[in-house]
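Novice: Whatever this is, show me its structure:
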Amino acid sequence: MPKRIVIHAGPGKTGTSAIQAVLNDQREALAVRGVLYPKHDMDSNRVSSGNRGALLDRTDDGNWTVSKDKVNTLRARFEASGCHTLLLSSEFFFRRIPGIHEHFPEAEFIAYLRHPIELEESGYNQRVKRHDRTSRFHLPDDFDYRTLRYVSRLLDASPAPDVVLRPYAKPLFTGGTILADLFAILGLDAPAEDQVVNPSYTFEALQFKRHANHFPLGRLGPELDRLLQRCDIGQRPYSLLTPQRYAELNGRVVDQLTEFLERHALDGLATFRDHVAATPPRPYHGQDIGADALDEIARWVKREAPQLHGLLAELAGKFPNLSLPNPHYYRCLGVAPSEDGPAPDRETIAALVARLRDDAHGAEADFCRELALYLEDRGDLEAASHFMAAAHAFRPNGEIIRGKLNDYRIRSGGERTSRSFRFRSLLIRLRGMLSR
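Specialist: Sure, this is the predicted structure:
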């Protein structure tokens with residue numbers, strides 16, 4: 001049987017974690033069937049970067065690049081193995097297909113195309129789960145199916161890599177699962193095991209984690225993530241886009257898919273385009289959560305992991321004055337939020353800003369924010385915190401402002417800054433700043 005190199009390149013959020021978990025577990029069984037799949041590590045959630053380390057090296061600037069030495073080591077190992085197929089899998093390979101193709105010109109690259117709106121919402125879920133995201137989900141007005149532009153460049157290259165594009169959609173998988181679909185490409189029967197790895201949160205669990213992310217969770221973050229992955233309280237599936245916004249963006253995606261398929265004569269993917277066109281929006285949920293829902297998730301956390309609940313409450317108590325989308329997060333953990341005193345007098349601040357602005361233009365919130373950032377740069381965190389609080393008063397839903405205000409308060413150790421906030425002293429300070 002001729003030698004074959006198959007590289008599953010993802011991309012991310014197309015079932016890569018589940019595929020890699022099964023392949024890693026089934027290495028010996030795959031070897032018996034003539035497939036070499038190199039071993040790799042997995043974290044406690046059974047999530048991994050797949051075979052990234054078997055092929056790529058990290059550069060000093062943090063990027064990943066193909067290692068010639070690792071390529072040669074893999075080739076030698078493959079030749080000596082007696083296997084007819086070398087199988088590699090990592091979502092990190094997707095954007096590095098051109099570089100990998102230079103070293104493995106005979107390789108077949110398998111990539112899955114997923115509905116881009118689903119992909120963006122799944123990616124946002126992941127950033128809240130694992131990367132401390134606190135801001136709301138948002139898609140820009142110029143949103144498009146960016147993956148298609150990259151794949152077009154691959155297909156237009158000379159010589160072009162051998163890229164096998166498959167739809168990521170349950171009704172279109174050969175065998176009904178992505179694992180069976182991948183094994184069909186390999187010409188093998190899929191193993192019976194088909195794992196759910198890295199499951200998404202319910203809407204309510206997602207919002208609870210988004211509130212918790214405002215705090216410096218540290219090691220509590222992964223622990224809370226693992227717990228909330230098995231929380232079934234609340235809505236699933238859901239969408240953070242209104243039906244009207246979804247219809248607008250979905251129509252644009254369908255048009256781009258049609259153009260892409262016609263340009264590259266990919267008639268076999270027409271069913272995927274039709275699937276995208278026919279996919280209805282999932283039930284819409286605004287990105288706010290009420291006190292009752294926060295209470296329900298908090299009670300579940302306390303029941304399932306009382307020690308973790310206690311540590312979350314302890315952390316909230318250490319920083320009792322953070323600005324949260326819903327301050328009830330404090331109370332659902334049994335913590336009384338700190339009173340910041342009277343809210344900044346917006347009329348007074350507006351008058352002050354009007355006197356000082358002169359030729360500067362912009363909303364009061366922007367002006368106060370920029371002053372706060374200036375004062376932060378000068379090391380005056382207390383004054384910076386006051387002005388960022390003023391910006392927050394003008395724009396209470398401004399997430400960048402909220403994030404900076406919380407950053408100031410965390411850096412001050414959770415202690416309330418002095419309330420001796422006197423406009424006269426700040427006026428003197430501002431006049432000095434504006435005269436420079």
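Novice: how far away is residue 387 from residue 372?
Specialist: Plainly put, residue 387 is 4 Å away from residue 372 if you go by Cβ to Cβ, to the nearest Å. In this view, the C-beta of every residue, glycine as well, is placed from N, C-alpha and C.
Novice: Could you report the distance from residue 38 to residue 87?
Specialist: When distances are taken as Cβ to Cβ, residue 38 and residue 87 turn out to be 9 Å apart.
Novice: Kindly apply the preceding question to residue 248 instead.
Specialist: With the distance defined as Cβ to Cβ, residue 248 ends up 40 Å from residue 87.
Novice: Between the two, which has more neighbouring residues?
Specialist: Ranked by neighbour count (other Cβ atoms under 10 Å), residue 248 and residue 87 place residue 87 first, with 22 against 13.
Novice: Does the strand or helix carrying that one pack against any helices or strands, and if so which?
Specialist: When secondary structure is defined by DSSP states H and E, residue 87 falls within strand 85-89. Helices and strands touching strand 85-89, as assessed by 3 or more Cβ pairs under 8 Å, 6 or more residues apart in numbering; DSSP states H and E, comprise strand 4-8, helix 16-25, strand 35-36, helix 68-81.
Novice: and that strand with strand 4-8, angle?
Specialist: Calculated by axes from the mean of the first three to the mean of the last three Cα atoms, to 10 degrees, strand 85-89 forms an angle of 10 degrees with strand 4-8.
Novice: just checking, what packs against whichever helix or strand comes after strand 85-89?
Specialist: Proceeding C-terminally, strand 85-89 gives way to helix 97-103 as the next helix or strand, assigned by DSSP H and E. In this structure, helix 97-103 makes packing contacts with strand 64-66, strand 108-114, judged by 3+ Cβ pairs under 8 Å, 6+ apart.
Novice: which residues touch residue 263?
Specialist: Residue 263 makes contacts with residue 152, as judged by Cβ atoms under 8 Å, 6 or more residues apart in numbering.
Novice: sec struct for it, please.
Specialist: In the three-state summary, residue 263 is assigned as helix, counting by DSSP: H, G, I helix; E, B strand; the rest coil.
Novice: And the nearest residue to residue 412 once chain neighbours are set aside, how far from residue 43?
Specialist: Take residue 412 and drop its neighbours on the chain: the residue closest to it by Cβ to Cβ, 6 or more residues apart in numbering is residue 381, 6.2 Å away. Summarising the geometry, the distance separating residue 381 from residue 43, computed by Cβ to Cβ, is 36 Å.
Novice: thought residue 174 was touching residue 188?
Specialist: No - when contacts are counted by Cβ atoms under 8 Å, residue 174 is not listed as touching residue 188 (11.8 Å).
Novice: Surely residue 235 touches residue 204?
Specialist: Yes - using Cβ under 8 Å as the test, residue 235 is close enough to residue 204 to be in contact (6.9 Å).
Novice: With neighbour numbers in mind, choose between those two.
Specialist: residue 204 (24 against 15).
Novice: Once you drop chain neighbours, what's closest to residue 199?
Specialist: Sequence neighbours aside, residue 229 is the residue nearest to residue 199 in space, at 5.3 Å (criterion: Cβ to Cβ, 6+ apart).
Novice: wait, that neighbour sits on residue 209?
Specialist: No - the pair formed by residue 229 and residue 209 falls short of the contact definition of Cβ under 8 Å, at 10.1 Å.
Novice: Could you name every residue contacting both of these two?
Specialist: When Cβ under 8 Å, 6+ apart defines a contact, the residues bordering residue 229 and residue 209 alike are 129, 201.
Novice: Compare the two and say which one has the larger neighbour count.
Specialist: Neighbours around residue 229 and residue 209, counted as other Cβ under 10 Å, are more numerous at residue 209. The numbers are 25 against 17.
Novice: mind listing what that one touches?
Specialist: 128-129, 201, 224-225, 228.
Novice: could you dump those to a markdown table with neighbour count and pLDDT?
Specialist: Rendered in a markdown table, the data for the contacts of residue 209 read as follows (neighbours: other Cβ atoms under 10 Å; pLDDT from 0 to 100):
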| residue | neighbour count | pLDDT |
| --- | --- | --- |
| 128 | 24 | 96 |
| 129 | 26 | 93 |
| 201 | 23 | 93 |
| 224 | 23 | 97 |
| 225 | 20 | 95 |
| 228 | 24 | 96 |
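Novice: Among the residues you listed, which lie within helices?
Specialist: Here DSSP state H is the test, and the contacts of residue 209 give 128-129, 224-225, 228 as lying in helices.
Novice: before we move on, the earlier item: okay, the residue nearest to residue 199: pLDDT?
Specialist: If you check residue 229, the pLDDT there is 92.
Novice: quick one: it from residue 332, how far?
Specialist: The gap separating residue 229 from residue 332 is 20 Å, by Cβ to Cβ.
Novice: The most centrally placed residue in the chain - nearest residue in space that isn't next to it in sequence?
Specialist: The centre of the chain sits closest to residue 127, judged by Cα atoms, centre = their mean, with a distance of 2.7 Å. Residue nearest to residue 127 in three dimensions, not counting chain neighbours: residue 133, with 3.9 Å by Cβ to Cβ, 6+ apart.
Novice: Doesn't that neighbour lie inside a strand?
Specialist: No - with three-state DSSP as the criterion, residue 133 is assigned coil and is not in a strand.
Novice: Do I have it right that it meets residue 123?
Specialist: No - the pair residue 133 and residue 123 fails to qualify as a contact (Cβ under 8 Å) at a distance of 9.9 Å.
Novice: list residues touching both of those two?
Specialist: Jointly contacting residue 133 and residue 123 under the rule Cβ under 8 Å, 6+ apart is no residue at all.
Novice: what about the two, which has more around it?
Specialist: For residue 133 versus residue 123, the count of surrounding residues by other Cβ under 10 Å is larger for residue 133: 18 against 14.
Novice: what's near enough to touch the more buried one?
Specialist: Taking Cβ under 8 Å, 6+ apart as the definition of contact, the neighbours of residue 133 are 124, 127, 210, 213.
Novice: Narrow these to those in helices?
Specialist: In this view, the contacts of residue 133 that belong to helices under DSSP H are 124, 127, 210.
Novice: per-residue pLDDT, the second one?
Specialist: Model confidence at residue 127, expressed as pLDDT, equals 94.
Novice: quick revisit: most packed of the helices and strands packed on helix 97-103?
Specialist: strand 108-114 (a mean of 22; mean count of other Cβ atoms under 10 Å).
Novice: and the residue lying closest to residue 232 once chain neighbours are set aside, how many neighbours does it have?
Specialist: Spatially, and ignoring its direct neighbours in sequence, residue 232 is nearest to residue 202 (6.7 Å; Cβ to Cβ, 6+ apart). Close neighbours of residue 202, defined as other Cβ under 10 Å, add up to 21.
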